[in-house]
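Visitor: show me how the following folds:
(2 chains)
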Amino acid sequence: MKTDRLIIGAGLYGLYAALYCAKQGYSVVVIECENAPFKRATYINQARVHQGYHYPRSISTALKSAGYFERFNADYSFCINREFEQIYATSSHFSWTDGQRFKEFCRAAGIPCEELYPGNYFKEGLCDGAFMTREYTYDAVILRDYFLSELNKYSKSVELKLGEMITGISRDADEFVVRTRSGLEYKSGFVLNATYASTNQISEMAGFEKFKIKYELCEIILCDVNEKMKNIGFTVMDGPFFSIMPFGKTGLHSLTSVTFTPHTTSYDAVPNFQCQKNKGGLCSGKHLANCNECSARPQTAFPYMRSLAEKYLLEDYKFEYKESLFSIKPILLSSEIDDSRPTVIRKCSDKPVFISVLSGKINTVYDLNEVLDNG
Amino acid sequence: MDNREKNFISAVVYVHNAEDRIGGFIKELIRFLEDNFENSEIICVNDFSSDSSADIIRGLSTEPNRMCISLVNMSYFHGLELAMKAGTDLSIGDFVLELDSTFMDYRPEAIMDVYTRVLEGFDIVSASPDRKEKFSSRIFYKVFDCFTPTNVMMQTETFRILSRRVINRVSNENKTVPYRKALYSTSGLKTDNIRYEVVKDKLKDMDADEKKYRTSLAIDSLILFTNLGYEFSKVMSLFMIFITVVVLVYTVVAFIISNPIEGWTSTILFLSVAFFGLFVILTIIIKYLQIIVELVFKRKNYSYDSIEKLTK
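Guide: Coordinates of the predicted model:
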């Protein structure tokens, strides 16, 4: 099968690229190993639409997020939940930043931040600064349905291949040939690798340089919260802290913590984990299966995250365990020190084109436009 | 049936050049906590160890089934008090087990005895060995107890369990903690001590840095938390004032009765008056200093045990 644009991975970046190319009149094939789009990282994350607050040690990441914030909220307003107060706080101990510096940082990045009295939300003495910020959350399910219905309008030129496992990628003159387990062959002069946690596995098959990343098996906990907390999100930041904030429009809150959300870490170039041993080859360093549906997924760290959150939050704010979501998160090793989360787009080959994209943020998806335009 | 405790316990361990025993100690602690508690964590505070203690701890990351181990590395030698404060600040448990020493001369079950006592309604329960205290320690605690206004008896402690209430209260009241034990004992919450049976002989478990630190801590604590210094200075000053007055009287008498050498009377009169004034000033200055120390280090606020609401 021949196509103008071959996209690997049906997460947000993959479907965005597919729609973008379809609108330009290209024929597009999206290959996805799951049986539906948005089954992994696009769905399983804090669902934060970043405006930069999260990166008080990397003004460049902050500025970039802030720039795309308005655009994303305008383009995808139907899936954005803005009906809550997002409160950022700096812990009195063990934080890499403090209230005063956070304020200065927000001013420098040009993002709104209004100082609050920490004692209104947090236990006495635990936070030295609390700020009302403007940050939203997106609903991945609504966003997915939007992309599916939009792509449906181009059903003649766009094909979504679900449940397709790639077994090999080779180069044939000015085309790449992608073979799948079902025996199909896809040929294209333009391949976009938008597989996030599997990005190095795809690059390895194609014989390109891999990203220098480590992998974390992460747990996001969804919680029911009481009335008082319904419309508030808390993020205690820059250190071994936590965040509990609305999860899209689901009515649930997501609870995550820097210390307890990652369960295990793999420092290999491809994701190798202990838990893969019992999976009979279904999940390995060659092909990553879905952690969220896995029988070997770890026991929840909820007791830890709960203790951590309760240590800080006033007792009026109550939350209860609903369910856990697991996924693998790749983290660029170069970004450990300044905690920046750059969107990396790497052109591995020019003619034919092979591009790998790695981004942990939803609203920097527009970074793709340039490479999609120029090939 | 899971009979383990539902409460979350955080163990904070002070580690300083303990490579010979840290591995076994932490393993024992992991086993004990996992057997007895559903949820627990260990926070190792590595106070600038120059040996391989930190690496040994890192090597134990796969040891626990479920619990979580954190390692806090201090950037230079802080000493037990500040290092332990860092660990307690990081802890998230409902209860915090402070292990001041990595030398386990008790059966781990002794920790459970202390924990049970906490559940009976004590916010701070410490454990002391049932052996004779070291002479220097005995003197220190004797002096300390004599000169502090509270009636809590202090003694050598190996570990203790604190409730979250104590930690919150202590961290609200004092930003700097020169000596935790003194703060805990004056926090106004219920305190108890349990003696455990010593099952191993005490080995040398302190290096030169720690010894030096402990001596200076003892002196600082005595000066800051007791009115020993003030009492001593006050008595000395009053005594000296008394002597100058005697000399003054003697000079006047000597001037009248015998006939001293010319100039002696005026010299001695001047000296006596000057010294009298000097000692009065010193007494006042010492009083001022004592008040300042009180304001900075001691309780800044009233301290209460509980509030009871009486109903009909």
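
Visitor: run a quick neighbour tally on residue 48.
Guide: By default, I'm working from chain A. Counted by other Cβ atoms under 10 Å in any protein chain shown, the residues lying close to A:R48 total 25. The C-beta positions use only the backbone N, C-alpha and C, and glycine is treated the same way.

Visitor: if you could check chain B rather than the one you did, that'd help
Guide: For B:F48, the neighbour count with other Cβ under 10 Å is 17.

Visitor: just the one 5 residues further on next, same as before
Guide: When neighbours are counted by other Cβ under 10 Å, B:S53 registers 23.

Visitor: residues contacting it?
Guide: B:V15, B:H16, B:N17, B:A18, B:E19, B:I22, B:N46 (Cβ atoms under 8 Å, 6 or more residues apart in numbering or on different chains).

Visitor: from those residues, which land in helices?
Guide: Of the positions in the contacts of B:S53, B:I22 sit in helices, assigned by DSSP state H.

Visitor: and which of the contacts of B:S53 is nearest chain A?
Guide: Of all those, chain A sits closest to B:N46, with 15.0 Å by Cβ to the nearest Cβ.

Visitor: count the neighbours of the closest one for me.
Guide: By other Cβ under 10 Å, neighbour count at B:N46 equals 21.

Visitor: now the helix ranked longest in chain B: buried residues?
Guide: In chain B, with assignment by DSSP H, the single longest helix is helix B:264-297. Of all the residues in helix B:264-297, those buried under the rule 16 or more other Cβ atoms under 10 Å in any protein chain shown are B:T265, B:I268, B:S272, B:F275, B:F276, B:F279, B:L282, B:T283, B:I286, B:Q290, B:V293, B:F297.

Visitor: what's the answer for stretch A:181-196, then?
Guide: Result for stretch A:181-196 [16+ other Cβ under 10 Å]: buried residues A:Y186, A:K187, A:S188, A:G189, A:F190, A:V191, A:L192, A:N193, A:A194, A:T195, A:Y196.

Visitor: okay, the contacts of B:S53 in CSV with pLDDT and distance to chain A next?
Guide: What follows is these, written out as CSV (pLDDT from 0 to 100; distance: Cβ to the nearest Cβ, whole Å):
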residue, pLDDT, distance to chain A
B:V15, 92, 18
B:H16, 92, 20
B:N17, 91, 24
B:A18, 90, 23
B:E19, 90, 25
B:I22, 92, 22
B:N46, 90, 15
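
Visitor: and which of the buried residues of helix B:264-297 is nearest chain A?
Guide: For the buried residues of helix B:264-297, the nearest to chain A is B:F297 (17.3 Å; Cβ to the nearest Cβ).

Visitor: measure B:N259 to chain A for me?
Guide: 73 Å (Cβ to the nearest Cβ, to the nearest Å).

Visitor: where does pLDDT dip in the stretch 1-150 of chain B?
Guide: Along the stretch 1-150 of chain B, segments meeting pLDDT under 70 span B:1, B:149-150.

Visitor: tell me where it has helices.
Guide: B:22-36, B:53-58, B:80-90, B:109-119, B:135-147 (DSSP state H, counting those that start in this stretch).

Visitor: just say which of those is most tucked in.
Guide: Of all those, helix B:80-90 carries the top mean neighbour count, a mean of 21, counting by mean count of other Cβ atoms under 10 Å in any protein chain shown.

Visitor: helices or strands next to that helix in the packing?
Guide: strand B:5-15, strand B:37-46, strand B:68-73, strand B:95-99, helix B:180-185, helix B:208-225 (3 or more Cβ pairs under 8 Å, 6 or more residues apart in numbering or on different chains; DSSP states H and E).

Visitor: recalculate using a threshold of 7 Å.
Guide: For helix B:80-90, the elements it packs on are strand B:5-15, strand B:37-46, strand B:68-73, strand B:95-99, helix B:180-185, judged by 3 or more Cβ pairs under 7 Å, 6 or more residues apart in numbering or on different chains; DSSP states H and E.

Visitor: out of these, nearest to A:N45?
Guide: strand B:68-73 (22.0 Å; Cβ to Cβ).

Visitor: got the contact list for that closest one?
Guide: A:260, A:304, B:41-46, B:54, B:57-58, B:60-61, B:86-87, B:90 (Cβ atoms under 7 Å, 6 or more residues apart in numbering or on different chains).

Visitor: what residues does chain B put near chain A?
Guide: B:F8, B:N39, B:R66, B:C68, B:D89, B:L90, B:I92, B:G93, B:N168, B:S171, B:N172 (Cβ under 7 Å from any Cβ of the partner chain).

Visitor: widest-spaced pair of those?
Guide: Taking Cβ to Cβ, no two of the residues of chain B next to chain A sit farther apart than B:R66 and B:N172, at 32.3 Å.

Visitor: tell me the confidence at the residue of the stretch 1-150 of chain A found nearest chain B?
Guide: For the stretch 1-150 of chain A, the residue closest to chain B is A:H93, as judged by Cβ to the nearest Cβ, at 4.2 Å. If you check A:H93, the pLDDT there is 84.

Visitor: closest to A:G52 out of the buried residues of helix B:264-297?
Guide: B:F297 (41.8 Å).

Visitor: give me the pLDDT for the closest one.
Guide: 64.

Visitor: ok, now B:S306?
Guide: Per the predicted model, pLDDT is 53 at B:S306.

Visitor: ok, now A:I337?
Guide: pLDDT, A:I337: 66.

Visitor: same deal with B:D209?
Guide: 83.

Visitor: what of the one 5 residues further on?
Guide: The predicted structure scores B:R214 at 84 on the pLDDT scale.

Visitor: how far away is it from B:N193?
Guide: 20 Å (Cβ to Cβ, to the nearest Å).

Visitor: just for chain A, where's the confidence low?
Guide: A:335-341, A:375.

Visitor: how about the residues of it that lie near chain B?
Guide: So chain A meets chain B at A:93-94, A:123-125, A:240, A:260, A:299, A:303-304, A:307-308, A:311 (Cβ under 7 Å from any Cβ).

Visitor: burial count for residue 199?
Guide: Chain wasn't specified; assuming chain A. Neighbour number of A:T199 under other Cβ under 10 Å is 23.

Visitor: should've been chain B
Guide: Neighbour tally, B:V199, other Cβ under 10 Å: 11.

Visitor: shouldn't it be in contact with B:D105?
Guide: Yes. Between B:V199 and B:D105 a contact is recorded at 6.4 Å, counting by Cβ atoms under 7 Å.
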